[in-house]
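K.L.:
give the three-dimensional model of this entry:
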Amino acid sequence: MMKIKRIVAGVMLALPFAVVSVPTEVSASEIIARRRVYKSPAKTRVVVPTRRRVVVPTRRRVWVPARRLNTRYGRRRVPGRYIYR
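P.N.:
Now for the predicted structure:
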């Protein structure tokens, strides 16, 4: 007797889901499908002008000797180095 009650209860629970999942003509006619058309401009080739080589004047390498630098924590030694001018 208990098995029959379980079967009936299972059918009663599953019946509403089965009815809802069945497609009808009315639900199919409500769907309006429109294609999205994206208009893109015609692809044109961009003409890149050739660059002329510009002669840059050479920069001289100059030696700057070592020096002492005052910081807020005291004096600090900065080693000598080459810089370009």
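K.L.:
in this protein, which spans are helices?
P.N.:
With DSSP state H as the criterion, the chain has helices at 2-21, 25-29.
K.L.:
buried residues, the first one. List them.
P.N.:
Using 16 or more other Cβ atoms under 10 Å as the burial criterion, none of the residues of helix 2-21 qualify. Bear in mind the C-beta positions are built from the backbone N, C-alpha and C, glycine included.
K.L.:
how far does it sit from its chain's centre?
P.N.:
48 Å (Cα atoms, centre = their mean, to the nearest Å).
K.L.:
from Thr58, how far off is the closest residue to Val62 other than its chain neighbours?
P.N.:
Leaving out its chain neighbours, the residue that sits closest to Val62 by Cβ to Cβ, 6 or more residues apart in numbering is Arg85, at 5.2 Å. Relative to Thr58, Arg85 is positioned 11 Å away (Cβ to Cβ, to the nearest Å).
K.L.:
kindly report the same for Ser40.
P.N.:
49 Å.
K.L.:
quick one on the thing from earlier: which one of the helices of the chain has the poorest average confidence?
P.N.:
Lowest mean pLDDT of the helices of the chain: helix 25-29, a mean of 59.
K.L.:
okay, and for this protein, where does confidence drop off?
P.N.:
Across the chain, the ranges flagged by pLDDT under 70 are 1-2, 19, 22-31.
K.L.:
now do the strands in the protein.
P.N.:
61-64, 67-71, 74-78, 81-84 (DSSP state E).
K.L.:
tell me which of these approaches Val48 most closely.
P.N.:
Val48 lies closest, by Cβ to Cβ, to one member of the strands of the chain: strand 81-84, at 31.4 Å.
K.L.:
who does that closest one pair up with?
P.N.:
Sheet pairing for strand 81-84, assigned by DSSP bridges, gives strand 61-64 (antiparallel).
K.L.:
contacts for the partner strand?
P.N.:
Gly80, Arg81, Tyr82, Ile83, Tyr84, Arg85 (Cβ atoms under 8 Å, 6 or more residues apart in numbering).
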